[in-house]
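Enquirer: Let me see the structure of the following:
(one chain, ligands or ions: 1)
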Amino acid sequence: MSDLNPKTKFIFITGGVVSSLGKGLASASLASILQSRGFKVRLRKLDPYLNVDPGTMSPFQHGEVFVTDDGTEADLDLGHYERFSGVSARKSDSITTGKIYQRVIDKERHGDYLGATIQVIPHVTNEIKEFIVSDLSDEDFVLCEIGGTVGDIEGQPYLEAIRQLAYDLGRERTMFLHLTLLPYIPTAGELKTKPTQHSVKKLQEYGIQPDMLLCRSQIPMPENERKKIALFCNIKEENVISALDVSNIYQVPLAYSHEGMDRAVCRHFNLPCPEADLSKWENIVNILKSPEGIVNIAVVGKYVKLLEAYKSLNEALNHGGIANKYKVKIKWIDAEELETNDPEDYLSDVSGILVPGGFGLRGTLGKMNAIKYAREHNIPFLGICLGMQLSVIEIMRNVLGVKNANTTEFDENCEAVVGLMTEWDKDGAKQIRHKDGDLGGTMRLGAYETILKEGSLAHKIYNSEKISERHRHRYEVNIKYKDQLKSAGMEIVGLSPDGGLPEIVEIPNHPWFIAVQFHPELKSKPFAPHPLFVDFVRASIEKSRLV
Ligand code: GLN
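Expert: Numbers count the residues shown, from 1 in each chain. Down below sits the predicted model:
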């Protein structure tokens, strides 16, 4: 801890009462308003589950797996952090109990503990503390969000670790922020404060006295309730902040600032509070409030029953809309429905079609039917990862008549247009995988460069020859089909720097058909929308005007 910059302060964010209160969004929003006052921030997520990372979890359970530039598979909250703060997350910003225990056990096996009995306190808690203060430079604030809800068994070592850190660093360098719910009881016509009181009591049992409460509610918090909460929870009145539901997530930073949250944070740390510049959020909210029009775009996916699985994608489409001053209305279509029904019934009312990434065979025929429909009806189409692999398979099957064209992910004995990748290059070093190797953390992950073909649509959109995008996949389109694809009208216009891995395909004869092996949605921000999404939405708006 000795190399920690003395100015760096830590804000620990916990949640109480119920899960899904939006701690990630709250943390990201607080970070962004502190930034708007000129402070440098970093955001970190501590997840109490035992998985090493969420990479092997079902998207139906855990939602999207976010991927950082440095190839970490992390909780989707890191996506909120990046979208709101613009700060690229790193491996050192995401930890799980699985990772912590892995480190502790590795050290034990290595003999690092010199004969000690290994215990949750101090060995696990020390490891958590080390993680929190690691890999920092000159940040003013590090915001650490603890996953789960106070009272969960899994979360206890984290609460103990942050209690100890506050003791080690001093209260003037740390702040505990607790997010709670004030449920509205219609029969009483009131917001109820009791669950918040209980939740704070629970925190106090762990030795943590929150400095600030952020109270989610459906209706405004009356002044007398604020006073009551402050008194019963031992918190300054001005540090009981109301977080009223808002209609759009990008309103949250403005709402928090309006409630005085950033000023209260400065007061807590005894810091001068420079004037806030919230203009970028105001611009976004103004566009969202009065768009010039609405464009319908279909997303044909496997996980549409849990939209958290498409968090970044949803946001990237919204960003594309914001850049065009349009509202993007997403029609979520379960790909399986397009396997037995006529795609026309589902897609005739949309002006753009997107097939996102995914794993497994289920729904892939439906996705290919959607791709065929977009291709044949000149509807702007964006394919992402599996969406690109299926675009290639679709054209091989339906234009070139290679009926057994497939990916070895689904059929080992197919015409393997898409195959398992066992060797590739990463920053000059060879990466090697085996067919029966571990599934966790072994995909092609993180940022890789792509060289774009001059004169292609992608080149025009990116306005650059070399780009870097984030990856998360195990299979890859085989370059040897390049000429066959070209004869069917599809061109490979983006390649890995060694020329071996197709990264982008286009259909030059189509108004807008681009499919990419990477995940552009992961890098889009509301104030820096991703160019592919901006242009895809633009092309979809154009299409809607033609109808
Ligand atoms: N399942 C495919 C692969 O592993 C695509 C992955 C994805 O869409 N993220 O290559």
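
Enquirer: what residues does this protein put near the ligand?
Expert: 357-359, 385-386, 409, 472-475 (C-beta under 6 Å from any ligand atom). To be clear about C-beta, it is placed using only N, CA and C from the backbone, and glycine gets the same treatment.

Enquirer: Looking at those, which are in helices?
Expert: Leu386 (DSSP state H).

Enquirer: shouldn't Glu73 be in contact with Asn51?
Expert: No - using C-beta atoms under 8 Å, Glu73 is not in contact with Asn51, being 9.9 Å away.

Enquirer: neighbour count winner among those two?
Expert: Higher neighbour count among Glu73 and Asn51: Glu73, with 23 against 16, using other C-beta atoms under 10 Å.

Enquirer: any idea which residue sits dead centre in the protein?
Expert: Gly79 (2.7 Å; C-alpha atoms, centre = their mean).

Enquirer: you'd agree that residue is up against Asn314?
Expert: No - Gly79 sits out of contact with Asn314 when judged by C-beta under 8 Å, with a separation of 10.3 Å.

Enquirer: show me what contacts the residue of the stretch 101-250 of the chain at minimum distance from the ligand?
Expert: The stretch 101-250 of the chain approaches the ligand most closely through Gly147 (23.3 Å), counting by C-beta to the nearest ligand atom. By C-beta atoms under 8 Å, 6 or more residues apart in numbering, the contact set of Gly147 is 23, 45-49, 75, 77, 155.

Enquirer: Compare those and tell me which has the most neighbours.
Expert: When neighbours are counted by other C-beta under 10 Å, Asp75 leads those with 28 neighbours.

Enquirer: Where does the nearest residue to it once chain neighbours are set aside fall, secondary structure wise?
Expert: Of all residues not flanking Asp75 in the chain, Lys45 sits nearest, at 5.2 Å (C-beta to C-beta, 6 or more residues apart in numbering). Secondary structure assigned from DSSP states H and E places Lys45 in strand 41-47.

Enquirer: before we move on, what about Arg538?
Expert: Using DSSP H and E, Arg538 falls in helix 531-546.

Enquirer: Return the set of buried residues in that helix.
Expert: Neighbour counts using 16 or more other C-beta atoms under 10 Å place 531-544 of helix 531-546 among the buried residues.

Enquirer: That helix: how far from the chain's middle?
Expert: Between the centre of helix 531-546 and the centre of its chain there are 24 Å (C-alpha atoms, centre = their mean, to the nearest Å).

Enquirer: now do stretch 167-175
Expert: On C-alpha atoms, centre = their mean, the centre of stretch 167-175 falls 30 Å from the chain's centre.

Enquirer: hang on, the earlier thing: show residues contacting the helix holding Arg538.
Expert: With C-beta under 8 Å, 6+ apart as the criterion, helix 531-546 contacts 293, 295-297, 316-317, 319-321, 323-324, 326, 328, 351-352, 354, 378-380, 382, 458, 461-463, 511-512, 514, 516, 520-521, 524.

Enquirer: ok, residues contacting stretch 434-450?
Expert: With C-beta under 8 Å, 6+ apart as the test, stretch 434-450 has contacts from 52-53, 55-56, 67-73, 420-422, 424, 426, 431, 433, 466-474, 476, 494-497, 503-504, 518.

Enquirer: List the buried residues in that stretch.
Expert: Applying 16+ other C-beta under 10 Å to stretch 434-450 flags 443-448, 450 as buried.

Enquirer: pLDDT averaged over that stretch, what's the number?
Expert: The average pLDDT within stretch 434-450 is 88.

Enquirer: Could you work out the end-to-end span of that stretch for me?
Expert: 25 Å (C-alpha to C-alpha, to the nearest Å).

Enquirer: what separates it from the chain centre, distance-wise?
Expert: 19 Å.

Enquirer: With stretch 496-509 instead?
Expert: For stretch 496-509, the distance to the chain centre is 26 Å (C-alpha atoms, centre = their mean).

Enquirer: Next: stretch 71-82.
Expert: Its chain's average C-alpha position is 5 Å from that of stretch 71-82, according to C-alpha atoms, centre = their mean.

Enquirer: Dump that stretch to PDB, restricted to CA.
Expert: Output of stretch 71-82 as PDB, limited to C-alpha atoms (Å, rounded to 0.1, in the frame of the first residue of the first chain):
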ATOM      1  CA  GLY A  71      -8.900  -9.700 -22.600                       C
ATOM      2  CA  THR A  72     -10.700 -10.100 -19.200                       C
ATOM      3  CA  GLU A  73     -14.200 -11.600 -19.300                       C
ATOM      4  CA  ALA A  74     -16.000  -9.500 -16.700                       C
ATOM      5  CA  ASP A  75     -19.300  -8.500 -15.200                       C
ATOM      6  CA  LEU A  76     -21.600  -6.400 -17.400                       C
ATOM      7  CA  ASP A  77     -21.300  -3.600 -14.900                       C
ATOM      8  CA  LEU A  78     -17.900  -2.900 -16.300                       C
ATOM      9  CA  GLY A  79     -19.800  -2.000 -19.500                       C
ATOM     10  CA  HIS A  80     -21.700   0.700 -17.600                       C
ATOM     11  CA  TYR A  81     -18.500   2.000 -16.100                       C
ATOM     12  CA  GLU A  82     -16.900   2.400 -19.500                       C
END
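
Enquirer: Need the residues that contact it.
Expert: 23-25, 27-28, 31, 43, 45, 47, 53-55, 62-68, 87-91, 93-94, 145, 147, 308, 311-312, 315, 441, 445-447, 472, 522-523, 525.

Enquirer: Kindly recompute the last result at 6 Å.
Expert: 24-25, 28, 43, 45, 47, 53-55, 63-67, 89, 91, 94, 311-312, 445-446 (C-beta atoms under 6 Å, 6 or more residues apart in numbering).

Enquirer: can you check stretch 317-325 too?
Expert: 284, 287, 291-292, 327-328, 524, 526, 529, 533-534, 537-538, 541.

Enquirer: Next, format these as TSV and append distance to Ser199.
Expert: Listed next are those as TSV, based on distance: C-beta to C-beta, whole Å:
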residue	distance to Ser199
Ile284	32
Ile287	37
Pro291	39
Glu292	44
Lys327	37
Val328	37
Ser524	35
Pro526	31
Pro529	38
Phe533	39
Val534	42
Val537	41
Arg538	46
Ile541	46
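
Enquirer: Which of those sits closest to Met368?
Expert: Phe533 (22.6 Å; C-beta to C-beta).

Enquirer: Nearest spatial neighbour of the closest one, chain-adjacent residues omitted?
Expert: Distances taken as C-beta to C-beta, 6+ apart put Gly320 closest to Phe533, at 3.5 Å, once the chain neighbours are dropped.

Enquirer: what about the one you found, how many residues close to it?
Expert: A count of nearby residues for Gly320, using other C-beta under 10 Å, gives 29.

Enquirer: Now do the helix or strand where it lies and helix 531-546, the angle between them.
Expert: Using DSSP H and E, Gly320 maps to helix 311-323. Using axes from the mean of the first three to the mean of the last three C-alpha atoms, to 10 degrees, the direction of helix 311-323 lies 60 degrees away from that of helix 531-546.
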